[in-house]
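Novice: sequence and predicted structure below; questions after.
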Amino acid sequence: MSDSDSDARSIASMDRDLPNILVTGTPGTGKTTTSEAIANATGLQHINVGELVKRKQLHEGYLAEYDTHILDEDKLIDEMEDMMQEGGKVVDFHTCEIFPERWFDLVLVLRADTSPLYDRMEKRGYNQRKLQENIECEIMQVVLESARESYAQEIVVELPSNNVDDMESNVDRVKQWLEAWKQQHGK
């Protein structure tokens, strides 16, 4: 990352009254549950990108074999741009590299052991192909590596998300981080 990238991120962060947080990870790692808990504990606004894509039809159709919509990245970014400039958002999505780096002050990558992750996806009714590919992605740390390649190293944090205790600990860590961010930025 160049100094100008760092400067641009700092300027964007100072313009916002509250930071933006991205919660990402393989499907089933607890992104939505954790994001909702963070929003409830901090007053930040939760944005479930998957629901936004469906509600605003920010997709190019449906892919039956994976039981998912085909994301239109340009439509999504256009839809989210103004809301992200406001700050105070907790964004929850399984993909992270599509979002501009300037949007986020903290990127949380939730990780789960394969046993609880498999059980969660099975309960959701994922077909075998989708389930197996997501388990492989978690094992190969695909989302973590993508986050590390897409955002400044100092804002990417890997967190365990195997059980309720992990999730509660993660929310407490974000609350502490938010207080430190506010002090650092005079908010």
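Specialist: Looks like it arrived, so ask away. Residues are numbered from 1 along each chain as shown.
Novice: which stretches of this structure have low pLDDT?
Specialist: Scanning the chain for pLDDT under 70 picks out the ranges 1-14.
Novice: so in it, which helix runs the longest?
Specialist: Ranked by residue count, the top helix of the chain under DSSP state H comes out as helix 164-184.
Novice: which residue ranges of this structure form strands?
Specialist: Counting by DSSP state E, the chain has strands at residues 21-25, 45-48, 59-63, 68-71, 89-92, 106-111, 156-160.
Novice: from the ones you listed, which stretch is densest packed?
Specialist: Most buried of the strands of the chain, by mean neighbour count (mean count of other C-beta atoms under 10 Å): strand 21-25, with a mean of 28. (C-beta placed from N, C-alpha, C; glycine too.)
Novice: sheet-wise, list the partners of that one with their directions.
Specialist: strand 89-92 (parallel), strand 106-111 (parallel) (DSSP bridges).
Novice: which residue is nearest the centroid of the protein?
Specialist: residue 23 (2.5 Å; C-alpha atoms, centre = their mean).
Novice: what's opposite it in the beta bridge?
Specialist: residue 92, residue 108.
Novice: pretty sure it sits against residue 33.
Specialist: No. In terms of C-beta atoms under 8 Å, residue 23 does not count as a neighbour of residue 33; the distance is 9.7 Å.
Novice: on that earlier part again, okay if I get the strands of the chain as JSON lines plus distance to residue 134?
Specialist: Listed next are those as JSON lines, based on distance: least, C-beta to C-beta, whole Å:
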{"stretch": "strand 21-25", "distance to residue 134": "10"}
{"stretch": "strand 45-48", "distance to residue 134": "18"}
{"stretch": "strand 59-63", "distance to residue 134": "14"}
{"stretch": "strand 68-71", "distance to residue 134": "11"}
{"stretch": "strand 89-92", "distance to residue 134": "16"}
{"stretch": "strand 106-111", "distance to residue 134": "13"}
{"stretch": "strand 156-160", "distance to residue 134": "17"}
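Novice: now stretch 77-92 - C-alpha only, PDB.
Specialist: Provided in PDB are the C-alpha atoms of stretch 77-92 (Å, rounded to 0.1, in the frame of the first residue of the first chain):
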ATOM      1  CA  ILE A  77     -21.300  -0.600  -5.100                       C
ATOM      2  CA  ASP A  78     -23.400   2.200  -6.600                       C
ATOM      3  CA  GLU A  79     -26.300   1.400  -4.200                       C
ATOM      4  CA  MET A  80     -24.000   1.400  -1.100                       C
ATOM      5  CA  GLU A  81     -21.700   4.400  -1.900                       C
ATOM      6  CA  ASP A  82     -23.700   7.100  -0.200                       C
ATOM      7  CA  MET A  83     -24.600   5.100   2.900                       C
ATOM      8  CA  MET A  84     -21.000   4.100   3.400                       C
ATOM      9  CA  GLN A  85     -19.800   7.700   3.300                       C
ATOM     10  CA  GLU A  86     -22.100   8.500   6.200                       C
ATOM     11  CA  GLY A  87     -20.200   6.000   8.400                       C
ATOM     12  CA  GLY A  88     -21.600   4.000  11.300                       C
ATOM     13  CA  LYS A  89     -22.200   0.800   9.300                       C
ATOM     14  CA  VAL A  90     -21.600  -2.900  10.100                       C
ATOM     15  CA  VAL A  91     -21.500  -4.600   6.700                       C
ATOM     16  CA  ASP A  92     -22.000  -8.300   6.600                       C
END
